[in-house]
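# quick one, structure for this:
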Amino acid sequence: MTALNEGWFTEIFQDQGTAFSLQVKNKLHEEQTPFQKLEIYETETFGNLMVLDGCVMLTTRDNFLYHEMMTHPALFTHKDPKKVVIVGGGDCGTLKEVLKHPGVEEAWQVEIDERVTRMSEKYFPELCEANGDPRANFFFGDGVKWMREVEPNSIDLLIIDSTDPVGPAEGLFALDFYRDAMVALKDGGIVVQQSESPLLHTESIIKDIHTDMRKAGFSHVQTLPFPQPVYPTGWWSCTMGSKDNPLKYFREADVNDRPFVTRYYNAGIHHGALAMPQFMIDALEDQVRPEEG
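Residues are numbered from 1 along each chain as shown. Alright, predicted model coming up:
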């Protein structure tokens, strides 16, 4: 639920009794795409704001937190990622971070709504700087179907950069999708899923992700919380699943020697994100194996 009142955009989380507001200067764009309502605003202090079906997707000011944490922990945990697939991620911020890694040879963005990408190119050009990279490939269509048909054992890292698990994104939070991912990933492959708010969703969405990833065959699963001011509670997470390698270990020397700039992510942040709060450990007790806890 959203409201526009006296120059403020407000997203209301009715079932949680909370709301988040940004002061806006004006509306830059509005359209009904074949899949969702897309709006873009210019805000007073957070740059441009993208809204899909009334839900805040990103702002210029704080999107780096999400995009860096959806990419670099998994990329530096994998031993040598060459082919990366992003399902969702229409704003291209995740693709930009992936292609900062010189070892990545091929990256695919599989996005159902091309209009999100086109409007990002116009209103968030800084996120689309890597769109012309020769390693970047785009497919606009159903990500669930694409994953079902992709060549087995062909992907090193799968990033599920989706909206909330409703509407077009619902199928990306499903056991069958994780099973398809398991088939598509090479040995040593990793999947990372945006997994909502630890405060609101540990007992439901996050626990379900752990359960379904395990059922699909991922032997190690780890949730990494991180701050995200414009999302419900201001605290978000991603969850990684590995086919065969523990997720507590990452290429720390490579992180420290990374040949690119980050604004949030570093080795210390990675270590800290691996330390889940106690309430999450308690809630996921049946899902966390001894060597991971």
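
# every contact and neighbour count from this point should use C-alpha atoms.
Will do.

# what distance separates the start and the end of stretch 127-147?
In terms of Cα to Cα, to the nearest Å, the two terminal residues of stretch 127-147 are separated by 25 Å.

# switch to numbering from 41
Renumbered: residue one is now 41, and that last one reads stretch 167-187.

# for that stretch, what is the distance to the chain centroid?
Computed by Cα atoms, centre = their mean, to the nearest Å, the separation of stretch 167-187 from the middle of its chain amounts to 15 Å.

# distance of the closest residue to Trp275 other than its chain neighbours from Leu115?
Once flanking residues are discounted, Trp275 sits nearest to Pro267: 4.5 Å by Cα to Cα, 6 or more residues apart in numbering. Taking Cα to Cα as the measure, Pro267 and Leu115 are separated by 20 Å.

# comparing these two, which residue is more hemmed in?
Shown here are Pro267 and Leu115; by other Cα atoms under 10 Å, Leu115 has more neighbours (27 against 16).

# quick one: strands adjacent to the lengthiest strand in the chain?
Longest strand in the chain by number of residues (criterion: DSSP state E): strand 58-72. With DSSP bridges as the criterion, the sheet partners recorded for strand 58-72 are strand 48-53 (antiparallel), strand 77-83 (antiparallel).

# so, low pLDDT: which residues of this structure?
Low-confidence segments of the chain, defined by pLDDT under 70, are located at 41-43, 203-213, 327-333.

# tell me where it has helices.
If you assign secondary structure with DSSP state H, the helices in the chain sit at 103-117, 133-138, 154-163, 183-189, 215-224, 238-241, 247-256, 292-296, 307-314, 318-323.

# next, count neighbours for Glu189.
Other residues near Glu189 come to 11 when the count uses other Cα under 10 Å.

# ok, Phe104 next?
Close neighbours of Phe104, defined as other Cα under 10 Å, add up to 21.

# touching, it and Arg303? I think so.
Yes: under the criterion of Cα atoms under 8 Å, Phe104 is in contact with Arg303, at a separation of 7.1 Å.

# shared neighbours, the two?
When contacts are counted by Cα atoms under 8 Å, 6 or more residues apart in numbering, Phe104 and Arg303 are jointly contacted by no residue.

# which stretch among the helices of the chain is buried most, on average?
Of all the helices of the chain, helix 133-138 carries the top mean neighbour count, a mean of 25, counting by mean count of other Cα atoms under 10 Å.
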